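J.: need a structure here:
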Amino acid sequence: MVLAEVFGNVSAIGYGLSAIGPGIGVGIVFGQGVQAIARQPEMYNILRQNMILGFVFAEALAIIGIVMPFVYPNTGFNG
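T.: Model (predicted):
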């Protein structure tokens with residue numbers, strides 16, 4: 001008795017799940033950055049640099065999520 005079968009490549013599902021974290025991270029970085037700039041406008045240059053750095057680190061996770069299916073192409077369920 002088979003309860004569930006998965007055919008094909010599940011890389012798209014894996015990437016979709018791995019994109020959730022960076023999406024939340026980018027939202028937090030820019031939301032808090034805008035709030036910090038509103039509180040202390042004189043610190044704009046430093047806060048902008050920190051926002052860009054946080055964005056780069058969060059997006060690196062999404063890029064790793066895109067690359068992993070190509071690095072490990074045969075690790076999905078094939079039924």
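J.: Spatially central residue in the protein, please.
T.: residue 22 (2.4 Å; CA atoms, centre = their mean).
J.: May I ask you to confirm that that one is in contact with residue 64?
T.: No. In this structure residue 22 lies outside contact range of residue 64 using CB atoms under 8 Å: 9.3 Å. For every residue, glycine as well, the C-beta is placed using N, CA and C.
J.: count of residues packed around residue 29?
T.: By the criterion of other CB atoms under 10 Å, residue 29 has 20 neighbours.
J.: Please name the nearest non-neighbouring residue to it.
T.: residue 54 (3.9 Å; CB to CB, 6 or more residues apart in numbering).
J.: In the helix or strand the one you found falls within, which residues are buried?
T.: Assigned by DSSP states H and E, residue 54 belongs to helix 44-71. Within helix 44-71, the residues that qualify as buried are 47, 51, 54-55, 58, 62, 65, 69, counting by 16 or more other CB atoms under 10 Å.
J.: OK, contacts around the residue nearest to the centre of the chain?
T.: Each residue near residue 22 by CB atoms under 8 Å, 6 or more residues apart in numbering is listed here: 58-59, 61-62, 65.
J.: and the helix or strand containing it, which residues are buried?
T.: Element membership of residue 22 [criterion: DSSP H and E] is helix 20-39. Within helix 20-39, the residues that count as buried by 16+ other CB under 10 Å are 22, 25-26, 29, 33, 36-37.
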